[in-house]
Structure formats: structure tokens, C-alpha cells
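Enquirer: structure for the following, please:
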Amino acid sequence: MRKPWCWAVFVVLAAATGQVLAWNDVGHMLMARITFENLSETQRAALGGILSAHPRFAEDFEGRVPPDVLRSGEAEPWRFARAATWPDTARHFGYVRPARVREALVERYHRGPWHYINLELRVDAQGSYQEAAGAYQAAAGAYQADGTEDIVVTLDRISRSWATDSGAQRAVALCWLLHLMGDIHQPLHTVMLIAPGTLEQGDRGGNEVRVRAGRPGPRNLHALWDGALGKSMRWQDLTALARRMQPSASMPTAPNADAIDFAGWAEQGRALARELVYVSGLRRRVAGQSSRGESPDFRPDDAYLKRMTDQGRSQIILAARRAVRVLGTLELR
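Expert: Residues are numbered from 1 along each chain as shown. Below is the predicted model of the structure:
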């Protein structure tokens, strides 16, 4: 009997790590942990000093270091990894009281559109792509370059303004840089599928495609991919996994493969979504439902989930490698 998808994800990951992972907070922390391991001691110290100037450093960093992390002497890499999750903390500041203070913080720091870009993939009512294969691979800059504060524009702006930012601005920018380097390598943060009918305005990066599966589990395609590496992990387990992944993370790349190109990376995300996320069976089902005016849904099988998990790991490694490259261009004095 075929396993329910949620059990299949557990089996795949437990075999590899001994515990379920996550690309949500833990995935961002894993990416940042691998990045940290590939920085020089001088870079680590400089970035730690920059982060200490964060306006919320005491409350959101120092005040939240887990006791076991303190005992292990791992507070420095933990804070760096925590920085990669901070923009998601800024969505709600759930632990802040009273409500008026929490709401003011969200208003000050949360920027929803920075997390994604809606590059289009169009299909017909049969789920066939409406552009020729490869036509979506536009030259760098052929994205939403109209000034919209999307993920590409934001990453570019952070890089350009870093030299003139204040200490506090750099600290906040570091958090966003680490976080968005993870997001831009999650393919559904770069794309939206457009189909006749209920998806004529796009599926919002998979948010409008319901996942039909047993509970507990993600409710839509975007959440499924956000959690491609699972749900939760202790810091010690995350560190162990990051170190096991290090040989892959440290592999040399082809010439020019690490050239900094935020627009190009978003285009690569759309290409990945085209081939691996929106597989033919998914497209046919979703497009057919949409053209009939129904709410699209999808039931992933074990093979789909295995490919998603494997690709999720590859994307985390790629994001870390590129994050090291980007950080290496910044003035850290």
C-alpha cells in the first residue's frame, strides 16, 4: 500500500538525518549555518559585530539563545543562523506584548513583497506550456524591473546601499540578505502559474493550489515546498547535518557559475519550477480544474516528494555557496 505523503516525507528524511528537518525556519538556519562554516574567522567576527548593532538584538537574538546552545558554546553561529529567520519573525513578532507594541514592530519591519517575485508561467486548459521550451530563460534583467520591491530588487538594493548604511541598517540588512538568499532558491518564491479560469490571476507561487493529503501536512503547494526539508530539528542535529553536507557545499563550481546575478537566479528558479515543481500531471490536473472554475488541488505521490526533498537540499547548498560569494563583496569594517 502506498504510504500517505506525510509519512513518506518522514521516512525519506529520518533515514538520512535521524530526525525531521524543515526549510521554513530550520531550512533558513541550515543555509545560514553552512554559510557560516564557509566564512573566514575575520568575516565571522565582523558580521557578528554588525549583527550586534541590530535594533532588536537584545530581544530577538541574545534573549532567545536556547540554553543548550549557550552550554555548547555555539551562540555565535546560532545568532548568525537566527538572523536568517528574523524577517519571518518580523511578520508577527508573536512573543511581543502588548499588542500595540507588537503591531508597531510589524509595521516597522515587515515587508511581505520582498520575499518573492512573480515571474509568469502560462499554461492552456490542457496544462501545456504556452511558450516554447527555453523561451522563459530571458536575459538577466528581464523580470519585474518596474521598481516593485520584489526579492530581486531588494537584494540588489541591499548590496548597493550597504556601503552607506548605518550600523543598525546594516544589521537589519544582513538579516534580510541571508533570508532572501534562501527564499530566492525556493522555486515557488520566484514564479506564479497562470491558467484559464480560476487561475487567470496566477496561483501566487502555489498558494492557490490545495494539497490533498493526510493530516498533519501543508495545505497548499507553496507550503509543501517551503517544508521540503521537514518541520523541526534541534540545533545540534541541524549543525550535524550542515557538517555532513559540507563536502557538497564546498565543491568547486564551473567558471562564472557564482557570478552574482539576482535576476538570473530568479530566472533559474522559474526554470526549476517549470520542470520540477509543475510536473505534467500536476499541470493537467490543476489547469483542467481551473478552466472549469474549480479550486485547483493536487495529491503528490512518493516519487514527487522524493524529488522535492532532494532538490530542496541541493537548493540549500547552492544558496549557501552563493551567500558566501555575496557576503565576500561587502565592506565589513
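
Enquirer: mind listing what the residue positioned nearest the centre of the chain touches?
Expert: Residue closest to the mean C-alpha point of the chain, counted by C-alpha atoms, centre = their mean, is Asp183 at 2.7 Å. Asp183 makes contact with 115-116, 151, 189, according to C-beta atoms under 8 Å, 6 or more residues apart in numbering. Using the backbone N, CA and C atoms, a C-beta is placed for each residue, glycine as well.

Enquirer: again, but for Leu178
Expert: 28, 31-32, 35, 80, 83-84, 323.

Enquirer: 7 Å - rerun?
Expert: 32, 83-84, 323 (C-beta atoms under 7 Å, 6 or more residues apart in numbering).

Enquirer: do Arg283 as well
Expert: Counting by C-beta under 7 Å, 6+ apart, Arg283 has contacts 123, 127.

Enquirer: which SSE is it in?
Expert: Using DSSP states H and E, Arg283 maps to helix 280-291.

Enquirer: averaged pLDDT, that helix. What do you get?
Expert: On average, the pLDDT along helix 280-291 is 98.

Enquirer: what do you get for stretch 236-255?
Expert: Here the average pLDDT along stretch 236-255 is 68.

Enquirer: stretch 40-50 too?
Expert: 98.

Enquirer: how many other residues sit next to the closest residue to Leu282 other than its chain neighbours?
Expert: Take Leu282 and drop its neighbours on the chain: the residue closest to it by C-beta to C-beta, 6 or more residues apart in numbering is Phe298, 5.3 Å away. Residues lying near Phe298 (other C-beta atoms under 10 Å) number 22.

Enquirer: His189 now?
Expert: Neighbours around His189, by other C-beta under 10 Å: 24.

Enquirer: surely it meets Tyr116?
Expert: Yes - in this structure His189 lies within contact range of Tyr116 using C-beta atoms under 7 Å: 4.4 Å.

Enquirer: residues in contact with Ile158?
Expert: Here Ile158 is in contact with 173, 176-177 (C-beta under 7 Å, 6+ apart).

Enquirer: ok, and what's touching stretch 325-333?
Expert: Outside stretch 325-333, the residues touching it (C-beta under 7 Å, 6+ apart) are 39, 43, 46-47, 159, 162-163, 177, 181, 258, 260.

Enquirer: just want the angle from the lengthiest helix in the chain to helix 280-291.
Expert: For the chain, the helix that runs over the most residues, judged by DSSP state H, is helix 302-327. Interaxial angle of helix 302-327 relative to helix 280-291 (axes from the mean of the first three to the mean of the last three C-alpha atoms, to 10 degrees): 100 degrees.

Enquirer: so how far is Gly328 from the closest residue to Val324 other than its chain neighbours?
Expert: Counting by C-beta to C-beta, 6+ apart, the nearest residue to Val324 once its immediate chain neighbours are dropped is Asn38, at 4.8 Å. Look at Asn38 and Gly328: by C-beta to C-beta, to the nearest Å, they are 10 Å apart.

Enquirer: of those two, who's got more company?
Expert: Asn38 (17 against 14).

Enquirer: can you pull the buried residues of stretch 280-296?
Expert: 282-283, 285-291, 296 (16 or more other C-beta atoms under 10 Å).
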